[in-house]
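In: structure, please.
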Amino acid sequence: KLKSDRDKRKSNLESFKEELKRIQEERDRRHSQKQREKEGKSTRFQPPPSLSVHSDLALDSDSLHHEGRHASEDPNTTNLFINTIPRSMNEASIMELFGRYGPLASVKIMYPRSDEEKSRGTNCGFVAYMSRKDAERAMNELNGSQLDSISVRMSWGRAVHVPPQPVYIPPTMRELIMPPPPSGLPFNAQPNTKYRASKLQDIIGREKELSKFLEHTTVRVIIPHDRFA
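Out: Residues are numbered from 1 along each chain as shown. Purely as a prediction, here's the structure:
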């Protein structure tokens with residue numbers, strides 16, 4: 001029995017050591033992940049390693065697209081690398097153009113600094129979407145298109161952090177996601193044009209007339225704008 005107790009204590013000790021080892025490994029993994037994220041903040045708008053801003057000049061759109069996919073193996077990335085941005089475009093015009101396909105998480109133009117970069121005649125940059133589907137639509141529609149007589153070359157960039165709120169929402173979508181003004185009705189029901197909200201004040205408390213009034217209202221269901229992803 002004494003031997004059995006010793007074996008049991010040893011077994012418990014081994015289990016405890018294994019648990020400590022597992023906890024330490026998990027802690028190290030989290031630390032490494034945080035370190036990578038911290039390092040990535042300053043370089044998140046840098047092009048993928050195989051997509052050097054200068055070496056890509058000789059690549060055509062198909063090759064650049066292929067290289068981009070090879071550089072970024074994450075099928076969920078929403079970040080697009082635009083290798084050729086006309087100098088006439090700024091971040092506001094980029095938002096307007098790419099925002100047609102969905103809410104944007106971030107936009108960054110890499111303005112030239114060296115003489116070599118300035119000699120290219122175009123800028124490069126990144127556009128990240130709130131959702132992958134929107135990014136795919138933009139890729140399909142804009143890659144190879146013409147902007148100011150310049151062929152737009154795009155590829156997938158490394159995944160970046162998607163914020164809770166988009167930095168840009170298309171005006172047409174903004175109208176759809178903005179809740180209507182308070183009506184005072186259940187579920188914020190909106191009176192149809194024929195039945196103005198002012199009439200509501202006359203029938204408050206009269207259940208039968210209020211029920212009749214509600215038959216001519218509309219309830220809009222709004223998707224929270226922090227749920228695009």
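
In: need the residues that contact stretch 102-115.
Out: The contact list for stretch 102-115 (CB atoms under 8 Å, 6 or more residues apart in numbering) reads 45, 53, 78, 85, 89-91, 94-95, 98, 118, 120, 123-131, 133-135, 137-138, 160-163, 166-170, 173, 225, 228. C-beta: built from backbone N, CA, C; applies to glycine.

In: ok, now which ones touch residue 138?
Out: Residue 138 makes contacts with 80, 98, 101-102, 127, 129, as judged by CB under 8 Å, 6+ apart.

In: report the buried members of the contacts of stretch 102-115.
Out: Buried by 16 or more other CB atoms under 10 Å: 45, 53, 78, 85, 89, 91, 94-95, 98, 123-131, 134-135, 138, 160, 162, 166, 168-170, 173, 225, 228, out of the contacts of stretch 102-115.

In: next step: the residues you listed restricted to helices.
Out: 91, 94-95, 98, 134-135, 138, 173 (DSSP state H).

In: can you report phi and psi for residue 112?
Out: phi -70, psi 140 (degrees, to the nearest 10).

In: isn't residue 166 right next to residue 130, touching?
Out: Yes - contact status for residue 166 versus residue 130: in contact at 5.2 Å, counting by CB atoms under 8 Å.

In: show me where the protein has its helices.
Out: Counting by DSSP H, the segments of the chain that form helices are 2-43, 61-71, 91-98, 115-118, 132-142, 171-177, 200-203, 207-214.

In: could you list the domains of the protein?
Out: Per the record, the chain has its domains at 1-43, 55-156, 179-218, by automatic domain parsing.

In: need the contact list for the residue lying closest to residue 76 once chain neighbours are set aside.
Out: Spatially, and ignoring its direct neighbours in sequence, residue 76 is nearest to residue 132 (5.7 Å; CB to CB, 6 or more residues apart in numbering). By CB under 8 Å, 6+ apart, the contact list for residue 132 reads 75-78.

In: one more: residue 167?
Out: Neighbour list for residue 167: 95, 104-107 [criterion: CB under 8 Å, 6+ apart].

In: among those, which are in strands?
Out: 104-107 (DSSP state E).

In: what separation do you get for the nearest residue to residue 192 once chain neighbours are set aside and residue 182?
Out: The shortest distance from residue 192 to any non-neighbouring residue, by CB to CB, 6+ apart, is to residue 216 (4.9 Å). Using CB to CB, to the nearest Å, residue 216 is found at 18 Å from residue 182.

In: next: residue 119.
Out: According to CB to CB, residue 119 stands 58 Å off from residue 182.

In: same thing with residue 219?
Out: Taking CB to CB, one finds residue 219 at 13 Å from residue 182.

In: the more surrounded of those two?
Out: Of the pair residue 219 and residue 182, residue 219 is the one with more neighbours under other CB atoms under 10 Å, namely 13 against 9.

In: can you check the pLDDT for the more buried one?
Out: pLDDT recorded at residue 219 is 77.

In: which neighbours do residue 219 and residue 182 share?
Out: Common contact partners of residue 219 and residue 182 (CB under 8 Å, 6+ apart): residue 188.

In: can you pull the contacts of residue 125?
Out: Applying CB under 8 Å, 6+ apart to residue 125 gives the contacts 45, 81-82, 85, 94, 107-110.

In: oh, that last question was meant for residue 218, not what I typed.
Out: Taking CB under 8 Å, 6+ apart, we find residue 218 in contact with 189-190, 192.

In: how about low-confidence regions in this structure?
Out: Applying pLDDT under 70 to the chain flags the ranges 1-24, 26-27, 29-31, 33-34, 36-73, 175-178, 193-210, 222-229.
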